[in-house]
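Q: generate coordinates for the sequence data below:
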Amino acid sequence: MEPQNAPAQPMSFEPPQKPKAAKSKMAAKKILMVLLIIALAAGGAAAYWLRDKSAKNEQKQQAAAIVKLKQQITDTQKELDAEKAKNAQAAATPAPKVVTPPSAAAIESIKASITSGNTAALQGYMASTVSVIIAASEGIGNRTPAQAVADITSYIKNATAPWNFALPAATLTTYRAGFYGQYFPTSAVVGKSADDMVISFSFNDSGKISTVFMAAKASLLQ
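A: Numbering: from 1, shown residues only. Sure thing, here's the model as predicted:
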């Protein structure tokens, strides 16, 4: 017979075991979750890479466009500068002097006034102001027709005849290439005495004598 006051034996309790199928599902979910996170991360990285590549390509295209635009601006500026310089040069260059040669009869009369010694006849063929220049001197300057005729008469009075007003083209070219070339335009009437004195008549736009150039010796003109 058992004693009435014997202590009660403790009861053991074990938690219910989860089914294996439930554990497998849980593991599968975790794996899927991890795979999903990896996929999302990979997708995000790929999207970032594509966006970055696209942005870099766009930057390259913009940079190329900027370089091209700058070159166009530079080329345009060069063209504008060249045109501006051309216009400035054209504005600075005086218009060519218009010369109207006298008639053939007037030219023959001018020549005859020197060859005959009748220099007074020159006055009728002169402009209102005549520039008289003498080689190897300070010259005379602007004169009235009467004064210019007196200057010519005084200067050539000792010249030796005959005068030649049909000088070779090569001789005239030499004169034009010399220091006094400006006094021998193609329209000038040029004569040389037997002792090498030279006289040249230049004309204005009205066909009147505007400049008289004289040299004691042709050698001064070379």
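Q: from now on I want contacts and neighbour counts done on CA atoms only, so please keep to that.
A: Noted.
Q: quick check: closest non-adjacent residue to Ser103.
A: Setting aside the residues directly before and after it, Ser103 is nearest to Gly207 in space (CA to CA, 6 or more residues apart in numbering), at 7.9 Å.
Q: then the one you found would be within a strand, right?
A: No - with DSSP: H, G, I helix; E, B strand; the rest coil as the criterion, Gly207 is coil rather than part of a strand.
Q: distance of Gln62 relative to Leu69?
A: Gln62 sits 10 Å away from Leu69, going by CA to CA, to the nearest Å.
Q: who touches both of the two?
A: Common contact partners of Gln62 and Leu69 (CA atoms under 8 Å, 6 or more residues apart in numbering): none.
Q: I would like the residues contacting stretch 135-152, please.
A: 119-120, 122-123, 126-134, 180, 213-216, 220.
Q: need the buried ones from those residues selected in ChimeraX.
A: Only the buried members of the contacts of stretch 135-152 enter the following ChimeraX selection, criterion being 16 or more other CA atoms under 10 Å:
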select :119,120,122,123,126,127,129,130,131,132,133,134,180,213,214,215,216
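Q: surely Ala106 meets Met126?
A: No - in this structure, Ala106 is not within contact of Met126 by CA atoms under 8 Å, at 10.9 Å.
Q: can you classify Ala65 as helix, strand or coil?
A: Quick answer, by three-state DSSP: Ala65 is helix.
Q: any idea which helix or strand carries the residue most central in space within the chain?
A: In the chain, the residue lying closest to the centroid (CA atoms, centre = their mean) is Ala82, at 3.1 Å. Using DSSP states H and E, Ala82 sits in helix 20-92.
Q: run a quick neighbour tally on the closest residue in space to Lys192 that isn't next to it in sequence.
A: Closest residue to Lys192 apart from its sequence neighbours, by CA to CA, 6+ apart: Val198 at 4.5 Å. By the criterion of other CA atoms under 10 Å, Val198 has 25 neighbours.
Q: same thing with Ile110?
A: 22.
Q: cool, Ala150 as well?
A: Residues lying near Ala150 (other CA under 10 Å) number 15.
Q: now Tyr175
A: 21.
Q: residues contacting it?
A: Residues in contact with Tyr175 (CA under 8 Å, 6+ apart) are Gly181, Phe184, Leu221, Gln222.
Q: repeat that for Leu220.
A: Residues near Leu220 by CA under 8 Å, 6+ apart: Ala135, Ala136.
Q: tell me the SS of it?
A: Taking three-state DSSP as the rule, one finds Leu220 in the helix state.
Q: look at it and report its pLDDT.
A: pLDDT recorded at Leu220 is 95.
Q: and it, how far from Glu83?
A: Distance, Leu220 to Glu83, using CA to CA: 43 Å.
Q: and for Gln59?
A: Separation of Gln59 from Glu83 (CA to CA) stands at 36 Å.
Q: the bottom helix or strand of this protein by mean pLDDT?
A: Lowest by mean pLDDT, DSSP states H and E among the helices and strands of the chain is helix 20-92, with a mean of 78.
Q: note down every partner strand of the longest strand seen in the chain and its orientation.
A: If you go by DSSP state E, the chain has its longest strand at strand 126-134. Partner strands and pairing direction for strand 126-134 (DSSP bridges) are strand 141-143 (antiparallel), strand 209-215 (parallel).
Q: residues of the following helix or strand past the first one that come out buried?
A: Same thing as strand 141-143. Next helix or strand after strand 141-143 toward the C-terminus (DSSP H and E): helix 145-156. With burial defined by 16+ other CA under 10 Å, the residues of helix 145-156 counted as buried are Pro145, Ala146, Ala148, Val149, Asp151, Ile152, Thr153, Tyr155, Ile156.
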